[in-house]
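Trainee: sequence first, predicted model second:
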Amino acid sequence: MKKRLIDARRAATFILGVMLSVPAFALQLKESAPETYTVKRGDTLWAIANIFLNEPWLWPELWRTNTQIDNPHLIYPGDVIIVGYVDGEPVLTVKREKPSYTLSPSTDKRLKPKPVDMLSWTSISPFIRQHMLLDEDSYMALPKLLGNQDGNVRFASDDFVLSQQQFSTDDQYRVVRKHATIKNLDGETLGIQVTHVSTASLVEKGQADDTMLLFIDDANQEAKRGDKLMSGGFVHPDSFALVPATTQRGAVVGDLHEHDLLGKYDVVILDLGKTNVTPGTVLGLYAQGPAIIDEDSPRYVDEPGANNGGEWFIDTVSQPALKVGEVVVFKTFDAASYGLITRANKGIKRGFIVAKP
């Protein structure tokens, strides 16, 4: 049999590209979609879109001829969403009562009603408040906790702790701890995953020895020597719009708790940074099985003895990448991003492909 070398990664990319180049079908509502839906307090935009569509990221398309909605991502409790058809295609309209305002006894300031959130911040906020990615240089430059008068190695709330000095005007800090080094599939470092440990208040700064005396205010867990200090909080966008990925390709490179398998509403780390995606970007999750060596006795390339000499030949069959779920990006960093798994029909793990949904 004639043989020639092939690049497995290029083959995988080609197969995924063929899969994703299939023309999209006309926008269709779910068979179970109601004729009307009243938005309730506690709803999320993603959940409402899921009521009407199998592909919720196409939600804005349903409003394309609607002059009543300036922004299809701003839906309010009490809005009644009505299904209609224009030229045989579904279109949504909204029946909205005149907005009611809450007046404060001490002022005539009007408080506008708050639109429903894109995703459940109840699910996401712990990850935003307690985790973030820093580049290696930024992490190494952070000052660290040194110790206390009692010679302890761990520190709880109400303890006084000496630290290296942070050259800033802040007097409130976050104590963070390195959780993991996040690397892409080629082994290149994307950032340092840090976890919030406690907050600390400045008591006084040293003079000649460049130290600070801190008071541990509120500890999620005990701080310890070598933990780092950060000024400022872990921020997140107030709102964002659904934007399906188009040409972006990446991979799941980890999660926040080092689990082997992940599912719906778990948070994954993607090797796509802020120049590639924005909060609200929707990506499909794709799984690809191992390549198969087409011999008299077929074998997977990752079986012992199957990959002799490290070469894969033309009689190696690459499996197609099959869609197994979706993920919505909600926080971006320089070289990576956090995404919430919103759909999964199998366990998601490191190495799965992300691309247009």
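Mentor: Sure thing, it's come through. Numbers count the residues shown, from 1 in each chain.
Trainee: what ranges do the strands span in the stretch 151-300 of the chain?
Mentor: 154-155, 160-164, 172-183, 189-205, 211-219, 223-224, 228-231, 243-244, 250-255, 267-270, 281-288, 292-293, 299-300 (DSSP state E, counting those that start in this stretch).
Trainee: where in this structure is pLDDT low?
Mentor: Scanning the chain with the threshold set as pLDDT under 70 gives 1-26, 64-70, 98-113, 121-123, 126-127, 207-209, 233-239, 305-314.
Trainee: beta partners for Ala355?
Mentor: Gly284 (DSSP bridges).
Trainee: follow-up on the earlier one: adding mean neighbour count and distance to Glu35, write the strands of the stretch 151-300 of the chain out as JSON lines.
Mentor: (C-beta placed from N, C-alpha, C; glycine too.) Putting the strands of the stretch 151-300 of the chain into JSON lines (neighbours: other C-beta atoms under 10 Å; distance: least, C-beta to C-beta, whole Å) gives the following:
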{"stretch": "strand 154-155", "mean neighbour count": "19", "distance to Glu35": "60"}
{"stretch": "strand 160-164", "mean neighbour count": "19", "distance to Glu35": "62"}
{"stretch": "strand 172-183", "mean neighbour count": "18", "distance to Glu35": "46"}
{"stretch": "strand 189-205", "mean neighbour count": "19", "distance to Glu35": "46"}
{"stretch": "strand 211-219", "mean neighbour count": "18", "distance to Glu35": "50"}
{"stretch": "strand 223-224", "mean neighbour count": "21", "distance to Glu35": "56"}
{"stretch": "strand 228-231", "mean neighbour count": "20", "distance to Glu35": "51"}
{"stretch": "strand 243-244", "mean neighbour count": "16", "distance to Glu35": "26"}
{"stretch": "strand 250-255", "mean neighbour count": "22", "distance to Glu35": "38"}
{"stretch": "strand 267-270", "mean neighbour count": "24", "distance to Glu35": "35"}
{"stretch": "strand 281-288", "mean neighbour count": "24", "distance to Glu35": "26"}
{"stretch": "strand 292-293", "mean neighbour count": "18", "distance to Glu35": "49"}
{"stretch": "strand 299-300", "mean neighbour count": "16", "distance to Glu35": "50"}
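Trainee: would a markdown table of the ones you listed with distance to Ala344 be doable?
Mentor: Formatted as a markdown table, the entries for the strands of the stretch 151-300 of the chain read as follows, by distance: least, C-beta to C-beta, whole Å:
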| stretch | distance to Ala344 |
| --- | --- |
| strand 154-155 | 38 |
| strand 160-164 | 42 |
| strand 172-183 | 21 |
| strand 189-205 | 22 |
| strand 211-219 | 34 |
| strand 223-224 | 36 |
| strand 228-231 | 33 |
| strand 243-244 | 18 |
| strand 250-255 | 11 |
| strand 267-270 | 10 |
| strand 281-288 | 7 |
| strand 292-293 | 25 |
| strand 299-300 | 24 |
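Trainee: which one of those lies closest to Leu261?
Mentor: strand 250-255 (9.8 Å; C-beta to C-beta).
Trainee: re earlier: quick check: which of the strands of the stretch 151-300 of the chain is nearest to Thr342?
Mentor: Of all those, it is strand 281-288 that lies closest to Thr342, at 8.1 Å by C-beta to C-beta.
Trainee: the closest one vs strand 250-255, what angle?
Mentor: In terms of direction (axes from the mean of the first three to the mean of the last three C-alpha atoms, to 10 degrees), strand 281-288 departs from strand 250-255 by 90 degrees.
Trainee: quick one: contacts of strand 281-288?
Mentor: For strand 281-288, the external contacting residues (C-beta atoms under 8 Å, 6 or more residues apart in numbering) are 12, 15-16, 19, 56-57, 242-245, 248, 250, 252, 270, 277, 318-329, 339, 341, 344, 346, 348, 352-357.
Trainee: just the CA coordinates for that strand, please, in PDB.
Mentor: Coordinates of the C-alpha atoms in strand 281-288 are reproduced here as PDB (Å, rounded to 0.1, in the frame of the first residue of the first chain):
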ATOM      1  CA  THR A 281     -19.200  35.200  22.200                       C
ATOM      2  CA  VAL A 282     -20.900  31.800  21.700                       C
ATOM      3  CA  LEU A 283     -18.800  28.800  20.600                       C
ATOM      4  CA  GLY A 284     -19.600  25.200  19.800                       C
ATOM      5  CA  LEU A 285     -17.800  22.500  21.700                       C
ATOM      6  CA  TYR A 286     -16.500  19.700  19.400                       C
ATOM      7  CA  ALA A 287     -15.000  16.300  20.400                       C
ATOM      8  CA  GLN A 288     -12.700  14.300  18.100                       C
END
